[in-house]
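[1] Have a look; sequence and predicted model below, questions after that.
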Amino acid sequence: MAGQLHITSELSEYVQRMSSREDEILRSLREETAALPAGRAMQVMAEEGQLLTLLARLTGARTVLEVGTFTGYSTLCLARAVAPGGRVITCDITERWPRVGMPHWRRAGVLDRIDLRIGDASDTLATLLLDEGPGSVDLVFVDADKPGYPKYYEAALPLLRENGLIVVDNTLFFGKVADPAARDADTEAIRAFNALLLEDRRVDISLLPMADGITLARKRGPAEPAP
């Protein structure tokens, strides 16, 4: 039986060559972001952005919720993928970093599909539930402060439609989740979140050893048999 591949730098480069379709607009945003303080560590990889586009199209998403915009690389990937008339509601605590992405959103012709909400994401999600109602979101992408993951997840789940998808970034956290010596607050928060998701029977899950770890969680219907 084949086991899990060890991803060498050579194999990683091969995967990029054989799958990456990053265009000039995305590349320019990624390069501008990489020049920012901690930009290279905080932005999503090109392969992950491409996966988000694919997942949004597979789910036929019309309304996407993103928790954590940063410079908006993933926002752009998602906005390109939403169905006609769709939108991406993206949340960040400051306008500083999303401003970097806005010219690129405009160049890509998706600025009108992006609804940027500035403020505490928990408040934004609570407002969305009141204004839009339960089941109003098709796909959720969470990539924000790590201790906040449980509250963002719990707030997003009622907003998500049955059979909708939550995508959570950084769930392997630089590989530190498997290092017993790593006891910093962010690593501990990701460990706790992963354990929470493992026991949550409201969703089907898969943790992908891709990029910095990506977890997919599909919202189950009430009539579905327990896994």
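    That came in fine, so what should we check first?

[2] What segments of the chain are helices?
    Ranges of helices in the chain, per DSSP state H, are 9-19, 24-34, 39-42, 46-58, 73-81, 98-107, 121-132, 149-159, 185-199.

[3] Show the secondary-structure elements that the shortest one is packed against.
    When you say that, I think you mean helix 39-42. helix 24-34 (3 or more Cβ pairs under 8 Å, 6 or more residues apart in numbering; DSSP states H and E). From N, CA and C alone the C-beta is placed, and that goes for glycine too.

[4] For residue 142, give me its contacts.
    By Cβ atoms under 8 Å, 6 or more residues apart in numbering, the contact set of residue 142 is 67-68, 149, 152-153, 156, 166-169.

[5] what residue lies at the spatial centre of this protein?
    residue 141 (3.2 Å; Cα atoms, centre = their mean).

[6] where does it land on pLDDT?
    pLDDT for residue 141: 98.

[7] so what's it bridging to?
    Beta bridges link residue 141 to residue 66, residue 167, judged by DSSP bridges.

[8] isn't it right up against residue 165?
    No: the criterion here is Cβ atoms under 8 Å, and residue 141 misses it with residue 165 at 9.2 Å.

[9] follow-up on the earlier one: point out the most buried one among the helices of the chain.
    Neighbour counts (mean count of other Cβ atoms under 10 Å) averaged over each of the helices of the chain peak at helix 73-81, with a mean of 26.

[10] for it, packing partners?
    Under the contact definition 3+ Cβ pairs under 8 Å, 6+ apart, helix 73-81 sits against helix 24-34, helix 46-58, strand 63-67, strand 87-92, helix 98-107, strand 137-142.
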